[in-house]
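*Asks:* turn this into a model:
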Amino acid sequence: MNINSNHAGAVVAAGEAMAGEIGVPMNIAVLDAGGHLKAFSRMDRALLGSIDIALKKAKTAVLFGMNTEDVGEFCKPGASSPGLAATNDVLVVFAGGIPIRDEAGGVIGAVGVSGGAVDQDRVVAAAAAAAAIPE
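*Replies:* The predicted model follows:
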């Protein structure tokens, strides 16, 4: 199962609403379970350099089935996989990428958000991911 277009649109809309609420324009990417783009929004005045970061956060989350900051724990010096971040066309391993799961817990897509401070990206990504309601 993959995230459908309606759900991807709801994810983007929820992310935009939270970004508006905190006053930080964001780039919001939604990918399907295969890591392919399903929906994207670059809010007015969102940082251009954050487009690629949002896409890579979503890709990291879908590839590993976990939040990007959790993948980052494996990449720290002394952890089990310190070179991991340099793989898969360069992963992004700080907060702002969250897998989207179906009711059985399977990964059906992911959202990646970038444009603010890491904590702001995390808040917007969480609000966006919470809006995904698989059929």
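*Asks:* so what does G109 look like in phi/psi?
*Replies:* With angles defined as degrees, to the nearest 10, G109 sits at phi 170, psi -170.
*Asks:* I'd assumed N2 was in contact with it.
*Replies:* Yes: the criterion here is CB atoms under 8 Å, and G109 meets it with N2 at 6.4 Å. Backbone N, C-alpha and C define where each C-beta goes, glycine included.
*Asks:* who touches both of those two?
*Replies:* Common contact partners of G109 and N2 (CB atoms under 8 Å, 6 or more residues apart in numbering): 32-33, 38.
*Asks:* now the one helix or strand A54 maps to: average pLDDT?
*Replies:* In the assignment (DSSP states H and E), A54 maps to helix 50-64. When pLDDT is averaged over helix 50-64, the result is 98.
*Asks:* same check, this time on stretch 23-43
*Replies:* Mean pLDDT, stretch 23-43: 98.
*Asks:* now the end-to-end length of it.
*Replies:* 11 Å (CA to CA, to the nearest Å).
*Asks:* centroid residue for this structure?
*Replies:* When CA atoms, centre = their mean is applied to the chain, the residue found nearest the centroid is G112 (1.9 Å).
*Asks:* wait, is that residue part of a strand?
*Replies:* Yes: G112: assigned to a strand according to DSSP: H, G, I helix; E, B strand; the rest coil.
*Asks:* chain center to the helix or strand containing R122: distance?
*Replies:* According to DSSP H and E, R122 maps onto helix 118-130. With CA atoms, centre = their mean, to the nearest Å as the basis, helix 118-130 stands 8 Å off its chain's centre.
*Asks:* no further questions, thank you.
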